[in-house]
Every structure is written in C-alpha cells, then in structure tokens.
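S.K.: The sequence and its predicted three-dimensional model are supplied below.
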Amino acid sequence: MKRYLNEKVSAALASMNWLGSAQLTFEKPRDEAHGDLTTNIAMVLAKSLGKSPRAVAQEIVTALKVEPEYISNVEIAGPGFINFHFTERFFNHRVGDVLLQGDAFGRTTTGEHKKTQVEFVSANPTGPLSVGHGRQAAIGDTIANLLEWTGHDVTREYYYNNAGRQMRMLAESTYARYRQIFDPAFPFLEDGYQGEYIVEIAQRLKEARGESLCALEKEKAIEECKSYAEQALFGGIKDVLGLMGVKFDVFYNEDSLYKTGKIQDVIAEFRRLGLAYDSEGAVWLKATALGLEQDRVIVKSTGEPTYRLPDIAYHVEKFRRGFELIVDVFGADHIATIPDVLAGVRALGYDPEKVKVVIHQFVTLMRDGQQVKMSKRSANFVTLDELIEEAGSDAVRFFFLMRAVSSHLEFDLDLAKEQSEKNPVYYVQYAHARIASILRFAESEGSTSSLPAPNNEAIDYSLLVQPEEIALIKLLLEFPDVVESSCYTFEPQRITTYLHDVATVFHKFYHEHRVVTPDRELSSARLALCSAARTVLANGCKILGISAPERM
RNA sequence: GACCCCGUAGCUCAGUUGGAUAGAGCAACAGCCUUCUAAGCUGUAGGCCGCGCGUUCGAAUCGCGCCGGGGUCACCA
C-alpha cells in the first residue's frame, strides 16, 4: 500500500523537480474519514517553496496519476494533508496474499541475515529466577523472535558467573543449612542467603550424600556445597525458562574469559593506550579520558577484577565472534554500568553503535491489592516458577509484554491467575479459538454442502464489502509493518497491543456477520477472511511465545 | 547532589518517524444468547495528556525549567 503510493507520489514530485527536497512519508490517519493513508509532504515543502501548503498539495494532486481501480479518491484536507482512499477491491484481494504466505505472513527480510546476538536473563546461579528475570526473559526472547521474523540470524545468549563472592556466599549458606540439619545450633552466617530454597537444596544434598560432608574439612565441604547448589539452581533456572518456552543457544561462562587470557589482554590493551593506571594498589580505567564522569577501578587491590572488566572483555568477544548487531537486555539496576562498558568497547576500537541496550524497568507484584516486596535475600519472595505455576506461562508472558519496557510494570497476580474474561490474554486467544471453531464447523458442514477450501483460488474476495470486513482486512495487512516497527524500536508491547486490536475487530465482525451461510460464495470468502485473521493471530502469538489454542 | 525511567479517565496502561475531534482493559451503570464458542458484542458515564515556557503550519509526543513517584550512582554484580 505504502510502496504503491510512494511510487506514484514520487513520480508526481519528480515531474515538478520537488523530489528529494523533503522526506516523503505516509501514515495511517487516526480518523478513518481521512482516508487510508495520508501524507504531509505539501506542508513540509510549503515553507521552502514560499507557497501555502494547500496550494502545494493542489499542484501535487494535479500532477498525480493513479489507477482508479485501486484509488477511489484523493483529497486535500485540513492544513494541507493529502488523503488517499483505496478501493475495497484493493484490500479484499490482499486476503489471498495473507493465506498464501500463511505462517510466514509477517516475516520480512530487512535483517539480511545480519549476525545478531541477544543477551538476556544472565542471572548468576545464586538463587531461583525472580519475577523481574521473568520479565527480562519474555522481553529478550520476544525481541529475539522479532529479529528472526525480520530476517536476522539470531543467537540467544545467557552470560553467567559461577565464581566470585556471591557464589562463595551461596556455598557457605548452603553449607550452614546442611550442617543445621544435623545440628540446629550450627551458626548461620550474618549476611547469608535467607531464602527457603537454600534449606531445600541442603535437604536434597543430605538425601544424596547423607552425613558425609560433615566429616570433610570445611573448605572442601563448602566446595562440594557450591557445586551441588550451583547445579541445582542452574537446573531450576533452565527448567523455569523452559516453562516459559525460552531456549538459549549459548550459555557463556565469565570464567572462560580468564582461562583464555581475554581479561589480561584487555588490561594490557588499556595500558598500551594509556587508559589504565595503578593507584592505591588497584588498577584504574581512565574513564575520564573517555568522556565519563570518573575513573573506575577495574582490578581491585585484592587482585580480583570488578565486574566492569569482564563485561568489557565479554563485549569485545561479542564483536570478535562476528556479531554485527548486539542487543543487551538489562534490568534498570544495571543502567549505571552501561556507559563504562560502551566507552571501553569504543576505546578498544569497536563500534558501540552496534550495541543496542534495552533497559527494562522493574516489576511490582500485587496480591490482594498489596505490593509483594521482593528481595532474594529475604525469606518472603515470589519466584518466577511460583508465578508461572499460579498463572500459567501464557498469562505470565503476555502480562510481561503488555507494557512498554521503559515503564514500570504492575503485575496483578489475582488478575493473571483468574482464568476468566477479565484476563486480557484470553481475549486474544479466544479470538483464535473462536475462528478455529468456525473453521471446524464449516468443515463439518462442508461434508454435506461441499464448501470450497478457504485458500481456493476460486474464492471471490470482492464479496467482502461490509465495513467490518474491510476494517478487519486493513488491520490484518498492517501486521508486517507492526512486526518491523516493534522489532526495530525494541518495543514488544506493540505486538500485544496490535493483537488485542485484531481480536477486537474480529469479534465485531463475528458479531455482525454470520460466516457459514447458505450462500456458498459469500461463505467461502468469509471463511478465507477468518482464516487470514487466524493466521495473523497465530503468527503474533508465536512471536510473543504464547499458545494459540484451537479450543477454549 | 548527578544521571536514568515514569507522570494520559477512579485503577492499570496504550498512543506508530510530531499530525486533524484523546484510546483500551478493569471498576460503575443500561442492554444483547431458539443461529458458526456470551472467555463475546452494543450503549452511557468518565480527561487543563503533572505545571510553565519555548521550537513550528501543527506538541500527549521534541527542547529547557520546575513539581511528584521509582531507580542508579562501590576496590558488590
């Protein structure tokens, strides 16, 4: 639709030598009376031409040549908009295109197989995934899906660290809980992990190993606890991600950056560039020389690197591995580290423009109208697996994707749990199930009245003339554009919003018009339309990672 | 104090690269099932788009300054 008009209007502009002096764009007017597409080109050109916008518009329209078969009306309106009305014929013949493309409808190739990495979740195995991680998993996986739908070669990656202070604390906490099974008076560490899950892990450890760890030397026993707890927690994390339908291609261990000398290489390179110096026993990155506020420690006086150094080394590795587009999905709590990493990457000669950082805000969990406080260290917190168990994966994913990533998300547990019409995810799924039901019904009727198959070439799409039919077709045709804009702006909520709209428009159509009627020609055309709507809903659900049920 | 996100209907939030008369769900009220799924549809009501100034043909959208809420500012990750 846009492509068609772009060609025609560009030709008109060219005939007056106005082409190129302003960006020609088309958009869908909010008000249907203003046509199917509109352009503001006349208003943009008016100033430089020294003419009134409406006069410019008139000249363009006069020079414009369009086929009346496709364009029913071109009008100048308001301050100088040029509105284009397409014919019903133009729209209803597109239904066949949708059906022909089927589960590929909405896919585009603009990504040109660009090698792309999406990093998300990246939680260290120190505890079960939180609700916040769940949001990140839904966002990251959906962005990855969107990138695939636009033709990128996508690698889903999870970066983790199973060394360091936090893991040490996990090990000691587990050890203490383990010892407490045999000796309730065994002291628990001051700032250890309080969560009930540690007790459970200790219990399982006891079942697996009996009392044997008590006999071991403490350090040795703690080491055993660490590997056992890590394995248990990582297993749990992967299970929960699996429940959400999230599968990673690569689990990247921070440790490998040390083993292969990548960390040392980065330090050496910074030193060579005069961007690192020693002070107070630590190694500092001269971030001020890179335009940042203050210098930062990259290697502590204890000899351990701070998180910045491996983060920079990891990003360097992303470039070295050949990724042309690097998407980092982080929680808002990591926002402060990003400038350091990007500055480091740039200093080392890589283009930070290729790194897109998607920051998502926090999730507030509401239960009975009360906020549920969440902290991994406190005993009282709702984990992602509990949430999924209560509300189901579809509802959880959909809820996480309903809001803009930059907005705080209030997750109403009671609403998500409610398996009823109040729950928005069902609205979309119900539309899909309803269509599936209609198609089943038509098939059963077809055995006696031989209705043509929905994708039959003999279908007369021009029978689709009702306002509800045309409105549905128009909306369905927007799907590829919605996928693209959602992808390139990294705003997955555009898909949930759009699918909700599709469901609404379909339900209205369904309410107004009977699909299967004695009129076989009309029935066929409407079945085709239903099938096209089902295609869009199913494809959209696929992108969101939720199911599109045949029955509800 | 510095930086980041948010501020739109009673509540939770959409609102496409700035476009014409501001949108949905929930909550409230009033209707619609002898017909393909009522987990649906229709109608009513609900708004200084936080405030002010600016940019321009035009601002919920962009800029600056306030106000309010949240977050981050380690030799924690």
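M.R.: Good, I have the coordinates.
S.K.: hey, where'd the strands end up in the stretch 251-400 of chain A?
M.R.: In the stretch 251-400 of chain A, the strands defined using DSSP state E, counting those that start in this stretch lie at A:276-279, A:282-285, A:296-299, A:325-331, A:355-360, A:363-367, A:370-372.
S.K.: Each with direction, which strands does the first one pair with?
M.R.: When you say that, I think you mean strand A:276-279. Sheet pairing of strand A:276-279 (DSSP bridges) gives strand A:282-285 (antiparallel).
S.K.: Now find how far off-centre the partner strand is within its chain.
M.R.: 37 Å (Cα atoms, centre = their mean, to the nearest Å).
S.K.: Between the strands of the stretch 251-400 of chain A, which one is closest to A:Ser437.
M.R.: strand A:363-367 (34.0 Å; Cβ to Cβ). To be clear about C-beta, it is placed using only N, CA and C from the backbone, and glycine gets the same treatment.
S.K.: same for the closest one, what does it pack against?
M.R.: Packed against strand A:363-367, as judged by 3 or more Cβ pairs under 8 Å, 6 or more residues apart in numbering; DSSP states H and E, are the following elements: helix A:131-149, strand A:370-372, strand A:409-412, helix A:413-417.
S.K.: and those, which is most packed in?
M.R.: Per-stretch averages of neighbours, counted by mean count of other Cβ atoms under 10 Å, single out helix A:131-149 among these, with a mean of 25.
S.K.: between that one and strand A:355-360, what angle do the directions make?
M.R.: Interaxial angle of helix A:131-149 relative to strand A:355-360 (axes from the mean of the first three to the mean of the last three Cα atoms, to 10 degrees): 140 degrees.
S.K.: Helix or strand next in line after helix A:131-149, which one?
M.R.: strand A:153-160 (DSSP states H and E).
S.K.: Any chance you could list what contacts that next one?
M.R.: A:111, A:113-125, A:140-141, A:144, A:147-148, A:246-254, A:314, A:323 (Cβ atoms under 8 Å, 6 or more residues apart in numbering).
S.K.: My understanding was that A:Ile438 contacts A:Cys530; is that so?
M.R.: Yes: at 5.6 Å, A:Ile438 counts as touching A:Cys530 under the criterion of Cβ atoms under 8 Å.
S.K.: more crowded one of those two?
M.R.: Shown here are A:Ile438 and A:Cys530; by other Cβ atoms under 10 Å, A:Cys530 has more neighbours (23 against 19).
S.K.: Kindly confirm my reading that the more buried one forms part of a helix.
M.R.: Yes: assigned with DSSP: H, G, I helix; E, B strand; the rest coil, A:Cys530 falls within a helix.
S.K.: Turn the helices and strands packed on strand A:363-367 into CSV, columns for mean pLDDT and distance to RNA strand B.
M.R.: CSV is the format used below for the helices and strands packed on strand A:363-367 (pLDDT from 0 to 100; distance: least, Cβ to the nearest atom of the strand, whole Å):
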stretch, mean pLDDT, distance to RNA strand B
helix A:131-149, 96, 11
strand A:370-372, 82, 10
strand A:409-412, 91, 3
helix A:413-417, 83, 7
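S.K.: Arrange the ones you listed in a markdown table, one row each, with distance to A:Met43 as further columns.
M.R.: Shown next, in a markdown table, are those (distance: least, Cβ to Cβ, whole Å):
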| stretch | distance to A:Met43 |
| --- | --- |
| helix A:131-149 | 33 |
| strand A:370-372 | 48 |
| strand A:409-412 | 38 |
| helix A:413-417 | 44 |
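S.K.: Out of the ones you listed, which gets nearest to A:Phe490?
M.R.: Nearest of these (Cβ to Cβ): helix A:131-149, 5.8 Å.
S.K.: gap between the closest one and the chain center?
M.R.: Its chain's C-alpha centre and that of helix A:131-149 lie 4 Å apart, by Cα atoms, centre = their mean.
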